[in-house]
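Participant: Next come a sequence and a model predicted from it.
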Amino acid sequence: MIRKIGDHLYNHLPTFADMIIRGVDIAADSSKELIGKINNLIKTMLAKYLNMAFHQSKELLAVGSIEGPIIIYALKQRQRLKVLEGHESIISAINFSRKGSRVVSYCEKERALRVWKIKSGILAFTGILKKCNVIFIDRHQKRTKLEYKGKKEDLHPKVEFAQAKNQVVLYLSHELAYVFTV
């Protein structure tokens with residue numbers, strides 16, 4: 001389905017994610033086959049869209065919108081957990097930390113990274129979260145250029161948390177990557 005719809009879905013990812021979350025709710029009382037199909041749909045979307053990320057163990061789905069806000073969904077609770085506001089344009093890339101306690105996002109138009117601390121579970125704050133670390137990549141002093149030789153098809157921005165604590169890696173192309181201390 002996703003492959004057929006292609007780029008037309010990109011503008012409506014948060015709405016589509018809401019529909020998937022409701023589908024998970026419906027599937028809770030349905031067959032394992034339906035739940036498997038929903039999981040496969042999420043995996044297909046994650047492979048296609050860099051403005052989406054999934055944290056497996058915490059079952060959190062992050063979806064960046066074309067307007068800038070990022071929506072975090074808690075699949076276990078079948079609800080929107082948070083809306084992360086700060087970016088004012090299309091989210092180019094997004095990712096969770098290994099523990100799922102932070103989210104890093106990149107907006108190519110703003111040339112800015114944002115690192116968000118999030119909580120999930122029963123005591124999680126539900127609503128709008130605006131506080132985050134902002135890194136304007138052209139002005140950030142604590143950045144290191146990486147010798148990165150990726151595949152030629154890796155031309156889209158990608159972000160991830162580095163092995164070292166308080167570091168984020170931004171891959172801008174198959175030859176250009178930076179490590180930022182946050």
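Facilitator: Ah, there it is. Residues are numbered from 1 along each chain as shown.

Participant: In this protein, what residue spans correspond to strands?
Facilitator: In the chain, strands defined by DSSP state E lie at 52-55, 60-64, 70-74, 79-84, 93-96, 102-107, 112-117, 127-129, 133-136, 143-146, 158-161, 167-171, 177-181, listed in chain order.

Participant: Can you give me the pLDDT of the nearest residue to V115 once chain neighbours are set aside?
Facilitator: Spatial nearest neighbour of V115, excluding adjacent residues (Cβ to Cβ, 6 or more residues apart in numbering): N133 at 4.3 Å. For glycine as for every other residue, the C-beta is placed from the backbone atoms N, C-alpha and C. pLDDT recorded at N133 is 80.

Participant: Near V159, how many other residues are there?
Facilitator: Neighbours of V159 under the rule other Cβ atoms under 10 Å: 23.

Participant: Apologies, that question was intended for A162.
Facilitator: Residues lying near A162 (other Cβ under 10 Å) number 14.

Participant: Was I right to think it contacts Y171?
Facilitator: No: using Cβ atoms under 8 Å, A162 is not in contact with Y171; the gap is 11.5 Å.

Participant: circling back: compare the strands of the chain and give me the one nearest I38.
Facilitator: Closest to I38 of those, according to Cβ to Cβ: strand 60-64, at 11.3 Å.

Participant: Which of the residues in the longest helix belonging to the chain are classified as buried?
Facilitator: In the chain, taking DSSP state H as the definition, the longest helix is helix 32-48. Judged by neighbour count using 16 or more other Cβ atoms under 10 Å, the buried positions of helix 32-48 are I38, I42, M45.

Participant: which of those residues has the weakest pLDDT?
Facilitator: I38 (72).

Participant: how much space between that one and A17?
Facilitator: Applying Cβ to Cβ, to the nearest Å, the value for I38 to A17 is 11 Å.

Participant: Overlap in contacts, these two.
Facilitator: Between them, I38 and A17 share no contacting residue under Cβ atoms under 8 Å, 6 or more residues apart in numbering.

Participant: pretty sure Y49 is touching L13, no?
Facilitator: Yes: counting by Cβ under 8 Å, Y49 sits close enough to L13 to count as a contact (6.4 Å).

Participant: phi, psi of the residue lying closest to K76 once chain neighbours are set aside?
Facilitator: Nearest residue to K76, sequence neighbours excluded (Cβ to Cβ, 6+ apart): E59, at 5.0 Å. Here is the backbone geometry of E59 (degrees, to the nearest 10): phi 50, psi 50.
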